[in-house]
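Asker: Make a model of this:
(one chain, ligands or ions: 1)
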Amino acid sequence: MATANAFDDPAFARADERIETARETALELLEELVRIPSVNPPGDHYLECALLLAERLRELDFEPHTIEVPAHELERLGLPGDRPRPSVIAALEPDKPGEEPLPTLHFHGHYDVVPAHAPSLFELSVQDDLAYGRGTADMKGGLVAMLLACSALRPLRNRLRGRVLLSLVPDEETGGDAGTAHLFRTGVLADGGLGMLMPEPTGTSVWNGNRGAFSLLLTVRGKSAHVAVQHQGRNAFEGLLELGGMLEELKQEIEARTFSTPTPGLEGPPSILLLGGVCRGGVNFNLVPSEAQFSIDRRFHPDESSATVVRELEGIFRRFRRRGWKLDVEWLQRGDASLTPAQSPFGRELATVIDSVTGRETPFSLCPGILETRYFLHHGIPAVAYGPGELEHSHQPDEHVSITRILEVARIYARMAWRMVGPDAGEHTEDE
Ligand SMILES: [Zn+2]
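Answerer: Numbers count the residues shown, from 1 in each chain. Modelled structure (predicted):
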């Protein structure tokens, strides 16, 4: 299926070989990155991590920019002003790019990691082919792969017809408001682009989308009174039951829905609603509760629009309030769904390239969680995740990544760049 003619180019073949033999370089960089505990929440050591990435890029002959989030913006997002949240941007492009904006392939990744179970997780340890440490799988090992690919292609930059734009962001683990979303809000990342690759720990699959995730905290307000005179109060728990019942009806309806776009990788109903992940209220058994609170978590299929999902929920809240209840709604999370079909030109290109390196066909599936692909899709950029780590080892005390796999994925990134923005870009047919 794969035609690898473009990869027979002698200069590209040398780039490919540079990656294959870069094991030591990969390990050194991974060790340095893991040593910086860029833990999120709360957002520790971000500046240190961003500066290291920028410095290494400079040594590789790139001209990285560090983008800061201004203080007023941090305040607007409810983030502490004393913790900088910088992103690092660098471009692999011809020395004289010309007037016209170049077609862009995005390499995008996050350098924040989830908290560690022990400080020792920030010291990389290597056993045979496996490198252990926080962030090795999610996703500092993937960042190393992207840097290796860019570095190997650097001598070939003047043969490129487009560019690779590398964006390394913080805050992915907490929604990306000050990371990726900030880059789009400020125009650093903009509409259009050939596609985006992101090294989330996908194992040997490609994650080509995610369900949307809307999480809300609902507070029903009543009036407190002693049990003996409960007629003087208003029982918020009874309000919770009423609202819960209305949402339970919606849940039945949602979870029976079927969709035309297939979503391999999902277990259970494709569109779901979780009621009461958080549930609390009341003070004592002999008091009418003045407040009852519960959360809802709506995970919706990429075929369902965010607007429709919001409308369905708001319709219920409106009906509930019309019954005389006071209800506060707080948004905890608002992540859109995304989907770049496996059969889209970008999906097929990636499948071809992966096959050319691994000799294996690659399954495409939805990510079980949410993905930053959603920001790119929203701006018209096809986007998928494919990285060297494995999900089952991410965020775990024994988090690790295969070094061979980092090199393999780096070769895949370089080949994607060569096919999408290299000298023959656009000349091959999609269905070869
Ligand atoms: Zn991640």
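Asker: got the CA positions of the helix or strand containing residue 409 in CSV?
Answerer: Residue 409 belongs to helix 403-421 when elements are defined using DSSP states H and E. What follows is helix 403-421 as a C-alpha-only set of coordinates in CSV (Å, rounded to 0.1, in the frame of the first residue of the first chain):
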residue,chain,number,x,y,z
ILE,A,403,13.4,4.5,23.4
THR,A,404,13.2,2.5,20.2
ARG,A,405,9.7,3.6,19.8
ILE,A,406,10.7,7.3,20.3
LEU,A,407,13.1,6.9,17.4
GLU,A,408,10.5,5.1,15.3
VAL,A,409,7.9,7.8,15.9
ALA,A,410,10.5,10.5,15.2
ARG,A,411,11.1,8.9,11.8
ILE,A,412,7.3,8.9,11.2
TYR,A,413,7.1,12.6,12.0
ALA,A,414,10.0,13.4,9.7
ARG,A,415,8.4,11.4,6.9
MET,A,416,5.0,13.1,7.4
ALA,A,417,6.8,16.5,7.1
TRP,A,418,8.6,15.3,4.0
ARG,A,419,5.4,14.2,2.4
MET,A,420,3.3,17.1,3.5
VAL,A,421,5.7,20.1,3.0
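Asker: Now find how far off-centre that helix is within its chain.
Answerer: Its chain's C-alpha centre and that of helix 403-421 lie 19 Å apart, by Cα atoms, centre = their mean, to the nearest Å.
Asker: in it, what's buried?
Answerer: 403, 405-421 (16 or more other Cβ atoms under 10 Å). Every C-beta, even on glycine, is put in place using the N, C-alpha and C of the backbone.
Asker: Check stretch 361-369 too.
Answerer: Judged by neighbour count using 16+ other Cβ under 10 Å, the buried positions of stretch 361-369 are 362, 364, 365, 366, 367.
Asker: Which residues does that stretch contact?
Answerer: With contact meaning Cβ atoms under 8 Å, 6 or more residues apart in numbering, stretch 361-369 is reached by 200, 202, 204-211, 213, 263-266, 302, 339, 342, 347, 350-351, 354-355, 384-385, 391.
Asker: Now do the helix holding residue 409, average pLDDT.
Answerer: For helix 403-421, mean pLDDT rounds to 98.
Asker: For the stretch 151-300 of the chain, what lies in contact range of the ion?
Answerer: residue 200 (Cβ under 5 Å from the ion).
Asker: ah, wrong one, I meant the stretch 1-150 of the chain
Answerer: So far as Cβ under 5 Å from the ion goes, the stretch 1-150 of the chain lies against the ion at 138, 139.
Asker: what's the distance between the closest residue to the ion within the stretch 1-150 of the chain and residue 30?
Answerer: Using Cβ to the ion, residue 138 is the residue of the stretch 1-150 of the chain that sits closest to the ion, at 4.1 Å. Going from residue 138 to residue 30 by Cβ to Cβ, to the nearest Å gives 13 Å.
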